[in-house]
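Engineer: Any chance you could fold what I've pasted below:
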Amino acid sequence: MTDTGKKFGSAYIPPAKLKLMQDELKDQNSAEYQRIHWELLKKSINGLINKANLSNLSLVVRDLMKENIVRGSGILCTSLIRAQASGPIFTNVYAALVAVINSKFPKIGELLISRLINSFRRCYKRNDKKGCLASAIFLAHLTNQDVIHEVLVMEMLSLLLHNATDDSVEISVAILKECGAKLKDSCPKGFFMIFELLRSIPSNKTIDLRTQLLIETMLAIRKDGFKDYPTIVPELDLLEEGDKITHELELDDKVDTKEELNVFRFDPKFQEEEEKYNCLKKEILGDDDDDDDEDDEEDDDEDEDSEGEGEDDQEKDKVVDATSADLVQLRRKIYLTLQSSLDFEEAAHKLLKLELKGENKKELSFLIIDCCAQQRTYMKFYGLLAARFCLIDREFVSIFAEIFIDSYTKVHRFTDTNKLRIASKFFAHLLYTDSISWNVLACIKLNEDDTTPSSRVFIKILFQELAEYMGFTKLAAKVKDPELEEAFAGLFPKNNPRDTRFSINFFSLIGIH
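Structural biologist: Got it, this is the predicted structure:
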């Protein structure tokens, strides 16, 4: 192997340096030139996928199409699957991105679906719930975007519910939440059959109470008409109906995942294939994008070069803006900091060095709660860390207050009772330490009509924790505080005798009189 070839298996090479190395090679049909081109393509695709979000999706799609994604189809599919697995909250964004690419390059859409089907089948056989769930959610959102026909999702649900276990029911509920509204409209008979299967499961004695609660929550979501789970949010509805291309793959189909597309291969017709793609790119993006492409690529290379070369600089950890930063990298950095810190003070010290701004502060706050909820039991480390940030920076007070209100209003979405309990204990810590205002409790209306099983569990754990932290006397004094009268008005209603009785009975049952 040549010296050029050896470099790729070792240290990080900034894109700008790779570009310089490529420019030094005159023969575009040489293996060295093509290998450097492949590395640049891989870095560009991975970088664009990692920064895709709701606000910049259209730009990311255009930038992706400026790259030869036909040559890099394996890289693109791998990057999408990895990004979605590590950031499932952005699955709808990735699905919208795939829908646009699929409308121009249907073979790429088919390749991604084939890999997701293969991943789902493999993870199902191995009882790998996490992997199975990630693939299932991605396929559900691709169904919403009409990239894949709904028959595939119906087959997955049928498989999961005919052999019902706690894990398979959880995955089924997750699928139905994401694409239930779509199935209801496009496949009403199959939709009805799936819910009949779901209703019959609680009679199975091997299913635990948590799973029964999941089913009850799912039935309530269906009753509400999936109002909190729209098929596609307006910002991600990017294609006209006539431009959509729908694949009709089924769960038992023999699929070709074309793993060979993930690695570099010498192409004797390299220059010819690049010219073909450039012509195709002009048809899609227009002639006037060529000059902009070159400028954008140079700018991107310079930006990534400065990031790579500045790793020893004191400013390397600063993240300025979530819309331009690599969100996956930011989350990874925060997550590793949380996991490696010995105590909350060390974690706070390290995280403050990041000098987060704007939306990145919200990202940090959500990750603190998310990491907390992932634990088997509540760990005070996370509550203490959040309280410390509220003490240091008042902006975190309003952020965590907003998250409390948002979490309670969407509490019915909690599919894991353990996570629900941990979240309640986390917020109880913030209230007890006065890290957030008690006025956030004004969002709670404790009565039979405005609560669900999930919200009642949330309130129960919240007040039991507060009573344990503060003692009944101090908690009672807080409830009677005239300044907090409006905050507790919904929890202790006085205007409606029926609601008053419900509140009294509720607190009596949970041991708080």
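Engineer: I'd like the distance between the spatially most central residue of the chain and residue 370.
Structural biologist: Of all residues in the chain, the one closest to the mean position by C-alpha atoms, centre = their mean is residue 89, 1.8 Å from it. As judged by C-beta to C-beta, to the nearest Å, residue 89 and residue 370 stand 9 Å apart. In this view, the C-beta of every residue, glycine as well, is placed from N, C-alpha and C.
Engineer: now swap in residue 269 and tell me
Structural biologist: For residue 269, the distance to residue 370 - C-beta to C-beta - is 48 Å.
Engineer: quick one, which of those two is more surrounded?
Structural biologist: residue 370 (16 against 10; other C-beta atoms under 10 Å).
Engineer: pLDDT score assigned to the more buried one?
Structural biologist: Here the pLDDT value assigned to residue 370 is 87.
Engineer: Residue 304 now?
Structural biologist: Per the predicted model, pLDDT is 42 at residue 304.
Engineer: Repeat that for the one 10 residues further on.
Structural biologist: The predicted local confidence for residue 314 comes out at a pLDDT of 41.
Engineer: Repeat that for residue 326.
Structural biologist: 59.
Engineer: likewise residue 199?
Structural biologist: With respect to pLDDT, residue 199 scores 89.
Engineer: so who does it touch?
Structural biologist: Contact partners of residue 199, counting by C-beta atoms under 8 Å, 6 or more residues apart in numbering, are 215, 219.
Engineer: Tell me the spacing between it and residue 95.
Structural biologist: 29 Å.
Engineer: Could you do residue 280 as well?
Structural biologist: From residue 280 to residue 95 the distance is 23 Å (C-beta to C-beta).
Engineer: More neighbours: which of those two?
Structural biologist: With neighbours defined as other C-beta under 10 Å, residue 280 and residue 95 compare such that residue 95 has more, 26 against 15.
Engineer: I'd like to know how far the more buried one sits from residue 238.
Structural biologist: Distance, residue 95 to residue 238, by C-beta to C-beta: 11 Å.
Engineer: Can you name every helix or strand that the strand or helix carrying residue 347 contacts?
Structural biologist: Secondary structure from DSSP states H and E places residue 347 in helix 344-352. Judged by 3 or more C-beta pairs under 8 Å, 6 or more residues apart in numbering; DSSP states H and E, helix 344-352 is in contact with helix 327-340, helix 380-392.
Engineer: I'd like the average pLDDT over the one helix or strand residue 143 maps to.
Structural biologist: Assigned by DSSP H and E, residue 143 belongs to helix 129-144. Average pLDDT, helix 129-144: 96.
Engineer: circling back to that earlier point, quick one: buried residues of the helix or strand just after the helix holding residue 347?
Structural biologist: Downstream of helix 344-352, the next assigned helix or strand under DSSP H and E is helix 359-373. Using 16 or more other C-beta atoms under 10 Å as the test for burial, helix 359-373 gives 360-373.
Engineer: Against which helices or strands is helix 359-373 packed?
Structural biologist: helix 327-340, helix 380-392, helix 394-409, helix 417-432.
Engineer: Go through the ones you listed and name the closest to residue 274.
Structural biologist: Proximity to residue 274 (C-beta to C-beta) singles out helix 327-340 among the helices and strands packed on helix 359-373, at 28.9 Å.
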